[in-house]
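In: fold the stuff below for me.
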Amino acid sequence: MAKILQDFLLTFIPLLIVIDALGNLPFVISITEGMGKPERRRMVNIAVVTATIVGLVFLLFGQLILRVLDISVGAFAIAGGIVLLVLSIKYMQTGHSVDATKEEMVAVVPIGTPLVVGPATITTLLLLASQFPMWLVLISFILNMLLTWVTFLFSDVFLRVLGAGGLRASSKVFSLLLAAIAVSMILRGFDLVGIFNING
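Out: Numbers count the residues shown, from 1 in each chain. This is a model prediction of the structure:
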């Protein structure tokens, strides 16, 4: 039981950090500003459903896609880790990891993807699926998406409690943790392709 709990935390926490619901809140709040509750709820629902579908596709079929393209998990981890590192550095410098504009389908793009489920989340899902049981990664991902849905749905509450400064501060911490995960992912990729043994 203790091993299952430990593995759950090792799958849940990295996904919590890379999905970064709190870090994406300022953007969600700015987009939903002036919307009524029904419109806001609809936008949040569309964004979370989109993100969940994209994540599930890569979680369930990502390994197959890699095999078809003849890409090893180690090589993907190295490439994904580099992407994560670049995104985290960009976020720390500019306050956002992707450029986005307000548009009609903003709930799908960029909120659903790539803000919630983008390169960071996809890479993390694939790497976790290669290290832990699929059902455990699936549960961790679904719980994270439910947490994201609740966070976005009650964005006004978080804004009142944390304030704009608090949201920015928490987002900076998350981006630093994301950079650490990126470096760990690159090292894990080197280990998987046999360049060196990180446990040696």
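In: going forward, measure contacts and count neighbours with C-alpha atoms only.
Out: OK.
In: show me the helices in the protein, by range?
Out: 2-19, 21-32, 37-68, 73-94, 119-131, 134-153, 155-192 (DSSP state H).
In: for the nearest residue to Leu16 once chain neighbours are set aside, list the residues it contacts.
Out: Excluding the flanking residues, the one nearest Leu16 by C-alpha to C-alpha, 6 or more residues apart in numbering is Asn144, at 6.1 Å. Contact analysis of Asn144 by C-alpha atoms under 8 Å, 6 or more residues apart in numbering lists Phe12, Leu15, Leu16, Ile19.
In: among these, which one has the lowest pLDDT?
Out: In terms of pLDDT, the lowest of the contacts of Asn144 is Ile19, showing 90.
In: I'd like the distance from the closest residue to that residue other than its chain neighbours to Ala2, if you could.
Out: The shortest distance from Ile19 to any non-neighbouring residue, by C-alpha to C-alpha, 6+ apart, is to Val116 (5.2 Å). From Val116 across to Ala2, the span is 30 Å (C-alpha to C-alpha, to the nearest Å).
In: could you do Asp20 as well?
Out: 27 Å.
In: who has more neighbours, the two?
Out: Neighbour comparison, Asp20 and Ala2: the larger count goes to Asp20, with 22 against 7 (by other C-alpha atoms under 10 Å).
In: phi, psi for that one please.
Out: Backbone geometry at Asp20, expressed as degrees, to the nearest 10, gives phi 50, psi 60.
In: look up how far Pro133 lies from it.
Out: Relative to Pro133, and taking C-alpha to C-alpha, Asp20 is found at 23 Å.
In: before we move on, what about Thr123?
Out: 16 Å.
In: those two - which one has more neighbours?
Out: Thr123 (27 against 13).
In: so who does that one touch?
Out: Contacts of Thr123 by C-alpha under 8 Å, 6+ apart are Phe76, Ala77, Gly80, Gly81.
In: counting neighbours, which of the residues you listed comes out on top?
Out: Counting neighbours by other C-alpha under 10 Å, Gly81 comes out on top of these with 28 neighbours.
In: excluding chain neighbours, what is closest to it?
Out: Distance criterion C-alpha to C-alpha, 6+ apart; nearest residue to Gly81, sequence neighbours excluded, is Ala182 at 4.4 Å.
In: neighbours of the one you found, how many?
Out: 28.
In: so what pLDDT did it get?
Out: 76.
In: same question for Ala120.
Out: Listed pLDDT for Ala120 reads 74.
In: I'd say it and Ala77 touch.
Out: No: proximity of Ala120 to Ala77 does not meet the contact threshold set by C-alpha atoms under 8 Å, at 10.5 Å.
In: most packed of the helices of the chain?
Out: helix 119-131 (a mean of 22; mean count of other C-alpha atoms under 10 Å).
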